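K.L.:
fold the following and give me the result.
(one chain, ligands or ions: 1)
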Amino acid sequence: MENPLTPEVLADPVALTRALVDIESVSLNEKEIAHHVEEVLRSVPHLDVQRHQNTVMARTEVGRSQRVVLAGHLDTVPLNDNFPSKREGDLIYGCGTSDMKSGVAYALHLAVSLAEPRYDVTYLFYEAEEIDSRYNGLTLVANAHPEWLAADFAVLLEPTYGVVEAGCQGTLRAIVTTTGRRAHSARSWRGVNAIHAAGEALNRLAGYQARTVTIDGCIYREGLNAVGIHGGVAGNVVPDRCEIEVNYRFAPDRSPAEAEAHVREVFAGLEVNLVDVAPGALPGLTAAPAREFLTAVGEEPVAKLGWTDVARFAALGIPALNFGPGDPNLAHAPDEHVEIGKIRDGAATLHRWLAPA
Ligand SMILES: [Zn+2]
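P.N.:
Next comes the predicted model:
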């Protein structure tokens, strides 16, 4: 199979975005794109290249005192009548244009063109970000080759529409259960209605005042919400059990244990069972490469509200942020697209930051 990532395409982040979009790579089908990316990188003399399954790592060994990671996932969500790419005016439409082949294009373009960057750079092109985390290329590499991730700072090239999104909020899910006593609804006074009891939990949620937390200039808005409710036995039975699933999105100044304690406090007196919790990540914008990156961007960072792989780096003690040309609101949408001007602006920013002075 011929490699569409020709030297001419690699030299232009816009053409490269299109070429990457046009290699179909829905999660778990990244073999072909990983093959093409690996082949390109192996042809570059200044890079050390390794592969683990469908994740490709390439790094410079210039001997700089600090190392940064540029990372992008190769997979996309399923196609939605939006493949291959098409150009309309200043926009490129197609699956993965925003999330995140335009970001991957930055990393690949810089990897082949910057032989002596200001920091040593590790480029990570990884598989399966859009699905269950056990398939995630970063998870696999963290287990199999943790040394590939060693760095002082990481940039994930996820869509942010050209602004810096720093840190991320944690997320916790729990089940709040109310119980009662089952009875025939014709003799309901003999029972205790667990769904009615759930009203207490819902009242606490409706009256809940979520925190707003500012860290390193980034504003994080928390939220505690019911995201599901389940109860009832039959049309003639007073129910003895009701379960409310709640989701707490918490600012990264709280640990998972503190987040859990907070949820238990909100629902004091009720049964609370933790389903899962993922830690947030502090913005970590004080490291030197991070400060210089912000200078190159020239705009104030904002808080990342969703959970992203930034948190995986944070868990390894590596400050990380998101920066990419795509509009995050268009990620996973059928009309997903990216602005050509945004691709060019971001490429120039990364060049300012990484090119030798
Ligand atoms: Zn993404």
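
K.L.:
so which elements touch the host helix or strand of R204?
P.N.:
For R204, the host element (DSSP states H and E) is helix 194-206. Here helix 194-206 touches strand 170-179, strand 223-231, strand 241-250, going by 3 or more C-beta pairs under 8 Å, 6 or more residues apart in numbering; DSSP states H and E. Every C-beta, even on glycine, is put in place using the N, C-alpha and C of the backbone.

K.L.:
go ahead and name everything in contact with that helix.
P.N.:
Residues outside helix 194-206 that contact it (C-beta atoms under 8 Å, 6 or more residues apart in numbering) are 176, 178-180, 224-226, 229, 231-232, 239-242, 244, 246, 266-267, 270.

K.L.:
next SSE after it?
P.N.:
strand 212-215.

K.L.:
so after that following strand, what's the next helix or strand?
P.N.:
Assigned by DSSP H and E, the successor of strand 212-215 is strand 218-221.

K.L.:
what average pLDDT does that next one get?
P.N.:
Summarised as a single mean, pLDDT over strand 218-221 is 91.

K.L.:
follow-up on the earlier one: the helix holding R204: which residues count as buried?
P.N.:
By neighbour count on 16 or more other C-beta atoms under 10 Å, the buried set for helix 194-206 is 194-195, 197-198, 201, 204.

K.L.:
pLDDT and distance to the ion for those - can I get that in CSV?
P.N.:
As requested, those are arranged in CSV below (pLDDT from 0 to 100; distance: C-beta to the ion, whole Å):
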residue, pLDDT, distance to the ion
A194, 98, 40
I195, 98, 39
A197, 96, 41
A198, 97, 36
A201, 97, 34
R204, 98, 34
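
K.L.:
excluding covalently adjacent residues, which one is nearest to the residue in the stretch 251-357 of the chain positioned nearest to the ion?
P.N.:
Proximity of the stretch 251-357 of the chain to the ion (C-beta to the ion) peaks at A331, 6.2 Å away. Closest residue to A331 apart from its sequence neighbours, by C-beta to C-beta, 6 or more residues apart in numbering: D99 at 3.5 Å.

K.L.:
correct me, but that neighbour touches P159?
P.N.:
Yes: here D99 reaches P159: they are 5.2 Å apart, a contact under C-beta atoms under 8 Å.

K.L.:
common neighbours of these two, please.
P.N.:
Common neighbours of D99 and P159, counting by C-beta under 8 Å, 6+ apart, are 326, 328, 330-331.

K.L.:
list the buried residues for the longest helix along the chain?
P.N.:
In terms of residue count, the longest helix belonging to the chain (DSSP state H) is helix 340-354. For helix 340-354, a neighbour-count test (16+ other C-beta under 10 Å) marks 340, 342-343, 346-347, 349-351, 353-354 as buried.

K.L.:
I'd like those laid out as JSON lines, including pLDDT and distance to A150.
P.N.:
Below are the buried residues of helix 340-354 laid out as JSON lines (pLDDT from 0 to 100; distance: C-beta to C-beta, whole Å):
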{"residue": "I340", "pLDDT": "98", "distance to A150": "35"}
{"residue": "K342", "pLDDT": "97", "distance to A150": "31"}
{"residue": "I343", "pLDDT": "97", "distance to A150": "29"}
{"residue": "G346", "pLDDT": "96", "distance to A150": "25"}
{"residue": "A347", "pLDDT": "96", "distance to A150": "26"}
{"residue": "T349", "pLDDT": "96", "distance to A150": "25"}
{"residue": "L350", "pLDDT": "97", "distance to A150": "21"}
{"residue": "H351", "pLDDT": "95", "distance to A150": "24"}
{"residue": "W353", "pLDDT": "95", "distance to A150": "20"}
{"residue": "L354", "pLDDT": "96", "distance to A150": "18"}
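
K.L.:
if we can go back for a sec, quick one: closest of the helices and strands packed on helix 194-206 to P289.
P.N.:
Distance to P289, taken as C-beta to C-beta, is lowest for strand 170-179 among the helices and strands packed on helix 194-206, at 24.5 Å.

K.L.:
quick one: list the elements packing against that closest one.
P.N.:
helix 194-206, strand 241-250, helix 256-266, strand 271-278.

K.L.:
distance to T122 added to those, as a markdown table?
P.N.:
As requested, the helices and strands packed on strand 170-179 are exported to a markdown table (distance: least, C-beta to C-beta, whole Å):
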| stretch | distance to T122 |
| --- | --- |
| helix 194-206 | 43 |
| strand 241-250 | 30 |
| helix 256-266 | 28 |
| strand 271-278 | 24 |
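
K.L.:
and those: which comes nearest L316?
P.N.:
Once the helices and strands packed on strand 170-179 are compared by C-beta to C-beta, strand 271-278 is nearest, at 14.5 Å.

K.L.:
restricting to C-alpha, output that closest one in PDB.
P.N.:
In PDB, the C-alpha atoms belonging to strand 271-278 read as follows (Å, rounded to 0.1, in the frame of the first residue of the first chain):
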ATOM      1  CA  GLU A 271     -26.900   5.100  51.300                       C
ATOM      2  CA  VAL A 272     -24.100   6.100  48.900                       C
ATOM      3  CA  ASN A 273     -22.100   3.600  46.800                       C
ATOM      4  CA  LEU A 274     -19.200   4.700  44.700                       C
ATOM      5  CA  VAL A 275     -19.200   3.500  41.100                       C
ATOM      6  CA  ASP A 276     -16.000   5.000  39.800                       C
ATOM      7  CA  VAL A 277     -13.900   8.100  40.100                       C
ATOM      8  CA  ALA A 278     -11.100   9.600  38.000                       C
END
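
K.L.:
understood, closing this out.
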